[in-house]
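Trainee: return a 3D structure for these sequence lines:
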Amino acid sequence: GEAWARGGASVRERSFKMADKKSVNPIKLIFYLVAWYALNVQYNLYNKKILNVFPYPASCSLVQLGAGMFYVFPQWILGIAGRKFPSKVAVGTLIVVSCCHGAGHFATVISLGAGSVAFANVVKAAEPLFSVLMGVIFAGSFPSMGEGFSLLPIIAGVMIASMAEPEFSQTAFVFAMLSNVLFAARGTFAKKMMTSDVSGADGFAISTFLSFVVMAPVAFYMEADTVVKAWEALPSADTTVDWMALLNGELSDKTVPSQYYFAAYNLVCGLYYYTYNEMAFMVLDILDPVGQAVGNTVKRVVIIIAGTIVFNKPLTQNGIIGSSVAIGGVLLYSIMKSSAGKKPAAKAKAS
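Mentor: Here you go, the predicted model:
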């Protein structure tokens, strides 16, 4: 989920514009931050619980990509908050972005299903490395020396955390890395797709919808036979949904949920996925680059801590060290990148 501007990281970790810092309402910012973190954590926890019960990541990913349309289509149709369907987009680039977005999300969910929430998020912290590589390959944009050196602790931290993972999963590692590559590519091409007529949130919406269309046959090919049988094995007699249990995220791998409850649970998970990305735009648009870096770093720490507590998968001492080094490297990289971005602007003003 977020690679729509500034160096090709996920939409959760980048902004399209910079608001005037003097106009920032601290209460509003705190509310947005809390909502962003809460929705993000809820998505990760719901997603992992679903995969523990129903190990079909391609089908679950597809539902999550489609669920957001229940949220954004009414806004486009009714013109809520001035939103409208983005018609002025580079179609060819949009298709490439959507393919990277959909495949990247599939890879992320496969990784989360195969390993722990904490481990997947630590490996995904390496995304800036691939963003830099994509920038060099497709845009001929080379990082500054400071940015290059700041990538080293990210690489070292991921290596330490991987070696320290007591339940290391090659599948989780490989697909988390694959999602890094795909999301970095998405960010590189997304910058070419965007125009002044398309907001970051609407660009994310249209590419998510197209991702659903593109990835539907992929999910069908991967899991059609097995997922239908698994779905039919869920009890269908109970048509009631315990909404309080649903909102509390109750889903145990020791009991079999009804089809209706499980369908509702997947829909809620998908809405969490979509709305936390929407909230990311609101948060990041009112933070300066350093504030964005700190906000994203804290967000990843919160997810890792929540995952270790809820699923009782505590990090080892070396795991904590590796995670801290990697996430610290991400913070350093973000600060270095924002500093490098300010220099050309300062020179332009001087001239």
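
Trainee: drop to CA atoms for contacts and neighbour counts, all remaining ones
Mentor: OK.

Trainee: where in the chain is pLDDT low?
Mentor: Scanning the chain for pLDDT under 70 picks out the ranges 1-24, 139, 165-166, 191-199, 284-285, 287-294, 340-351.

Trainee: would you map the strands across it?
Mentor: Counting by DSSP state E, the chain forms no strands at all.

Trainee: which stretches of the protein form helices?
Mentor: Taking DSSP state H, the helices of the chain run over residues 26-53, 57-67, 69-78, 91-114, 117-124, 127-139, 145-164, 170-193, 200-232, 243-247, 259-284, 289-310, 317-350.

Trainee: make JSON lines from the ones you listed and add distance to Asp253 to it.
Mentor: Shown next, in JSON lines, are the helices of the chain (distance: least, CA to CA, whole Å):
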{"stretch": "helix 26-53", "distance to Asp253": "5"}
{"stretch": "helix 57-67", "distance to Asp253": "16"}
{"stretch": "helix 69-78", "distance to Asp253": "28"}
{"stretch": "helix 91-114", "distance to Asp253": "13"}
{"stretch": "helix 117-124", "distance to Asp253": "16"}
{"stretch": "helix 127-139", "distance to Asp253": "31"}
{"stretch": "helix 145-164", "distance to Asp253": "26"}
{"stretch": "helix 170-193", "distance to Asp253": "20"}
{"stretch": "helix 200-232", "distance to Asp253": "14"}
{"stretch": "helix 243-247", "distance to Asp253": "15"}
{"stretch": "helix 259-284", "distance to Asp253": "12"}
{"stretch": "helix 289-310", "distance to Asp253": "13"}
{"stretch": "helix 317-350", "distance to Asp253": "26"}
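
Trainee: among those helices, which is the most enclosed?
Mentor: Comparing the helices of the chain by mean neighbour count (mean count of other CA atoms under 10 Å), helix 117-124 ranks first with a mean of 26.

Trainee: touching that helix from outside, list them.
Mentor: Outside helix 117-124, the residues that touch it by CA atoms under 8 Å, 6 or more residues apart in numbering are 44-45, 48, 108, 111-112, 158, 161-162, 165, 172-173, 176-177, 179-180, 300, 303-305, 307-308, 323, 326-327.

Trainee: can I get the CA coordinates of that helix in CSV?
Mentor: C-alpha atoms of helix 117-124 as CSV (Å, rounded to 0.1, in the frame of the first residue of the first chain):
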residue,chain,number,x,y,z
VAL,A,117,3.6,-9.8,11.0
ALA,A,118,6.8,-8.4,12.6
PHE,A,119,9.2,-10.2,10.2
ALA,A,120,7.3,-9.2,7.1
ASN,A,121,7.3,-5.6,8.1
VAL,A,122,11.0,-5.6,8.9
VAL,A,123,11.8,-7.0,5.5
LYS,A,124,9.5,-4.5,3.8
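
Trainee: tilt between that helix and helix 289-310?
Mentor: Helix 117-124 runs at 150 degrees relative to helix 289-310, counting by axes from the mean of the first three to the mean of the last three CA atoms, to 10 degrees.

Trainee: start the count at 427, not 1, going forward
Mentor: All right, first residue 427 from here; so that's helix 543-550.

Trainee: between helix 543-550 and helix 596-619, how many degrees?
Mentor: On the basis of the same axes, to 10 degrees, helix 543-550 is oriented at 50 degrees to helix 596-619.

Trainee: what's the offset of helix 543-550 from the middle of its chain?
Mentor: In terms of CA atoms, centre = their mean, to the nearest Å, the centre of helix 543-550 is set 12 Å apart from its chain centre.

Trainee: ok, now stretch 589-607?
Mentor: Taking the mean of its C-alpha atoms, stretch 589-607 sits 16 Å from the chain's own mean (CA atoms, centre = their mean).

Trainee: repeat for stretch 650-657
Mentor: Its chain's average C-alpha position is 27 Å from that of stretch 650-657, according to CA atoms, centre = their mean.

Trainee: please apply the same query to stretch 580-589.
Mentor: Taking CA atoms, centre = their mean, the mean C-alpha location of stretch 580-589 is offset from the chain mean by 20 Å.

Trainee: returning to what we had before: do you know which of the helices of the chain lies nearest Phe511?
Mentor: Across these, Phe511 has its closest neighbour in helix 495-504 (5.6 Å, CA to CA).

Trainee: by how many degrees do the closest one and helix 626-658 diverge?
Mentor: Using the same axes, to 10 degrees: helix 495-504 against helix 626-658 is 140 degrees.

Trainee: any idea of the angle helix 495-504 forms with helix 685-710?
Mentor: Helix 495-504 runs at 60 degrees relative to helix 685-710, counting by the same axes, to 10 degrees.

Trainee: for helix 495-504, packing partners?
Mentor: helix 626-658 (3 or more CA pairs under 8 Å, 6 or more residues apart in numbering; DSSP states H and E).

Trainee: show me what the helix it packs on is packed up against.
Mentor: Counting by 3+ CA pairs under 8 Å, 6+ apart, the packing neighbours recorded for helix 626-658 are helix 483-493, helix 495-504, helix 517-540, helix 685-710.
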